[in-house]
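S.K.: no FASTA, just this:
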């Protein structure tokens, strides 16, 4: 054993969170910081560095996921890797597989990949890319776990829950049901499967309680003390958010997602999340209340 390996074996394990500066990543970091693990945040650039530094992370590394050398450097000496791929990226599967290869090169002991609920949905190209990445993860010699979360409660809260009082336009049927997961629960469950024994070679659907989008928006408004009413608008002509509108690929992906939500919603089962948390998953109302206080 080399001197560096001996020192590494005496320290608490190091977890590298890839994609740490995004909405989900910041909640995962907060959960990681509550563990005995050493924590490294892997971000894309200076803005991300500032975001995670504000959470109290000292070990922050910038990496371009399109360059294997920078990803390998970012994951050097990592024992555990938690991979959060960039949403709607046209090569999301390629980037995830690159992080997986870098984790293998680093000699990581555990790799957790954040996928999505129902990744094999035919009409959702961005889901299918996650399914491609899952296949690579399952073929890896690493001890791996795949997490398939339902819609993030905080996505609804940040996208429609911040609207001024009154009607809120939503580009799919607001009476369809969705299973929402509080990102605080996702972070907690993620740290458990990463650090506990017995979660290797597992694929876990993580779904919180289900309710309609209309009810979720009402609860989001109530947490802020305003009246919000979700109204369905045509997904085909609804305005796209910044960062999506200027990308043909992302625009197609998002409209396809809205179309599928308009037809089916997105529902899952809460049993696995309840098992991992050893308690009931947070309700959307609890997530909304916490988000309003945090915001």
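M.R.: Now that the structure is in, tell me what you want to look at. Just so it is clear, the structure is predicted and the values come from calculations on it, not from any experiment.

S.K.: Any figure for the gap between the closest residue in space to residue 211 that isn't next to it in sequence and residue 204?
M.R.: Leaving aside its chain neighbours, residue 211 sits nearest to residue 284 (6.0 Å; criterion: Cβ to Cβ, 6 or more residues apart in numbering). Any C-beta I mention is one placed from the backbone N, CA and C, and that applies to glycine too. Distance of residue 284 to residue 204, given as Cβ to Cβ, to the nearest Å: 20 Å.

S.K.: quick one: which of those two has more around it?
M.R.: The neighbour comparison of residue 284 against residue 204 (other Cβ atoms under 10 Å) goes to residue 284, with 25 against 20.

S.K.: Just the pLDDT at the more buried one, thanks.
M.R.: The model reports residue 284 with a pLDDT of 98.

S.K.: Can you list the low-confidence ranges for the protein?
M.R.: Counting by pLDDT under 70, the low-confidence segments of the chain come to 1-9.

S.K.: Would you map the strands across the stretch 101-250 of the chain?
M.R.: Using DSSP state E, counting those that start in this stretch, the strands of the stretch 101-250 of the chain run over 110-114, 143-149, 151-152, 166-170, 177-181, 202-206, 210-212, 228-232.

S.K.: name the helices or strands packed onto the longest one?
M.R.: When you say that, I think you mean strand 143-149. Packing partners of strand 143-149 (3 or more Cβ pairs under 8 Å, 6 or more residues apart in numbering; DSSP states H and E): strand 110-114, helix 125-138, helix 183-195, strand 202-206.

S.K.: how about CSV for those, with distance to residue 221 added?
M.R.: Output for the helices and strands packed on strand 143-149, formatted as CSV (distance: least, Cβ to Cβ, whole Å):
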stretch, distance to residue 221
strand 110-114, 29
helix 125-138, 29
helix 183-195, 20
strand 202-206, 26
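
S.K.: Kindly compare burial across these and name the winner.
M.R.: Compared across those, strand 110-114 shows the largest average neighbour count, a mean of 24 (mean count of other Cβ atoms under 10 Å).

S.K.: got the contact list for residue 165?
M.R.: Residues in contact with residue 165 (Cβ atoms under 8 Å, 6 or more residues apart in numbering) are 221, 226, 227, 228.

S.K.: now the residues you listed: which count as buried?
M.R.: 221, 228 (16 or more other Cβ atoms under 10 Å).

S.K.: how far away is residue 218 from residue 103?
M.R.: According to Cβ to Cβ, residue 218 and residue 103 sit 42 Å apart.

S.K.: try residue 49
M.R.: As judged by Cβ to Cβ, residue 49 and residue 103 stand 21 Å apart.
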